[in-house]
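K.L.:
Next input, structure requested:
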Amino acid sequence: MVRVLEAVEVCGGYGPVEVVRNLNLHVSEGEVVALLGPNGAGKSTVLRLLSGEIGLTSGEVKIDGSIVRSPLHQRARKGLGYVSGEKPVFSRLTVQDNLRVSGVEKKRALELFPELEERWRTLAGDLSGGEQQMLALTKTLGRGIRILMADELSLGLAPIVVDRLLGVIRRAADEEGIAVLTVEQHVSKVMKIADRGYMMQRGRIELDGSRDELRNGLEKIANAYLTGGLD
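P.N.:
Modelled structure (predicted):
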């Protein structure tokens, strides 16, 4: 499998505070990789470092085997999609206008989430939390990306909505070859659709492996730190 995204000995954080230390991970074409860990482990910081939203203190980020040092907006032009936990939609624009601004056609949007059609002219700020995440994911997947980074898509959402979002991510990997790195607290749900996973604690990777390889190790800590445990 072709490695689309790779971190090599990545360190970084905020000012003098180094949150992530010696991070090594990779995501291949058509693969869903889950980044797991307790609150404060550094998971969201990893996505910010890999996306170019914040700079590294050391290490390398590679896309398609080439080292990248460009900021987020330039990486986005080259096929990186990043759904962060902050302001995923333009609340004062309608669903239609959110997608127009992002360059996503209606046909493509409704292929991903047909549920959006009846909310087409609704202000994004008036959508439910689940609908906002559907819109945010559509804005990203709908523009032909190669890499998706998603930060806590399921936060505060009903289980049926979580399943819907994760199902779309899985399909995007399978059908379009998108490389997916997702931060998720719902371990049992994400590990049903992920190919592999990394477990972080205190800014470092403590465990990694396939879904099956991780189960035994994760069972010992999931109930203490993560929502949903493993089943």
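K.L.:
can you pull the contacts of the residue nearest the centre of the chain?
P.N.:
In the chain, the C-alpha nearest the mean C-alpha coordinate belongs to Ala150, at 1.6 Å (C-alpha atoms, centre = their mean). By C-beta atoms under 8 Å, 6 or more residues apart in numbering, the contact list for Ala150 reads 83, 137, 169, 180-183. Heads up, the C-betas are built off the backbone N, CA and C, glycines and all.
K.L.:
who's it bridged to?
P.N.:
Judged by DSSP bridges, the bridge partners of Ala150 are Val83, Thr182.
K.L.:
Quick one: the strands in the chain, in order.
P.N.:
3-14, 17-28, 32-36, 58-63, 66-67, 80-83, 147-151, 179-183, 196-201, 204-210 (DSSP state E).
K.L.:
From Arg211, how far off is Ile147?
P.N.:
Distance from Ile147 to Arg211, counting by C-beta to C-beta, to the nearest Å: 20 Å.
K.L.:
actually Ile63, not the one I typed
P.N.:
25 Å.
K.L.:
out of those two, which sits in the busier spot?
P.N.:
Ile63 (21 against 18; other C-beta atoms under 10 Å).
K.L.:
remind me which residues of this protein are low pLDDT?
P.N.:
Counting by pLDDT under 70, the ranges of the chain that qualify are 87, 216-231.
K.L.:
I'd like to know which elements the longest helix anywhere in it is packed against.
P.N.:
For the chain, the helix that runs over the most residues, judged by DSSP state H, is helix 159-176. Judged by 3 or more C-beta pairs under 8 Å, 6 or more residues apart in numbering; DSSP states H and E, the packing partners of helix 159-176 are strand 32-36, helix 129-141, strand 147-151, strand 179-183, helix 187-193.
K.L.:
Run the angle between that helix and strand 179-183 for me.
P.N.:
Inter-element angle recorded for helix 159-176 and strand 179-183: 160 degrees (by axes from the mean of the first three to the mean of the last three C-alpha atoms, to 10 degrees).
K.L.:
in helix 159-176, what's buried?
P.N.:
161-166, 168-170, 172-173 (16 or more other C-beta atoms under 10 Å).
K.L.:
hmm, back to that, Serialize the strands of the chain to CSV and add fields for distance to Lys189.
P.N.:
Output for the strands of the chain, formatted as CSV (distance: least, C-beta to C-beta, whole Å):
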stretch, distance to Lys189
strand 3-14, 23
strand 17-28, 19
strand 32-36, 10
strand 58-63, 28
strand 66-67, 34
strand 80-83, 17
strand 147-151, 13
strand 179-183, 11
strand 196-201, 12
strand 204-210, 17
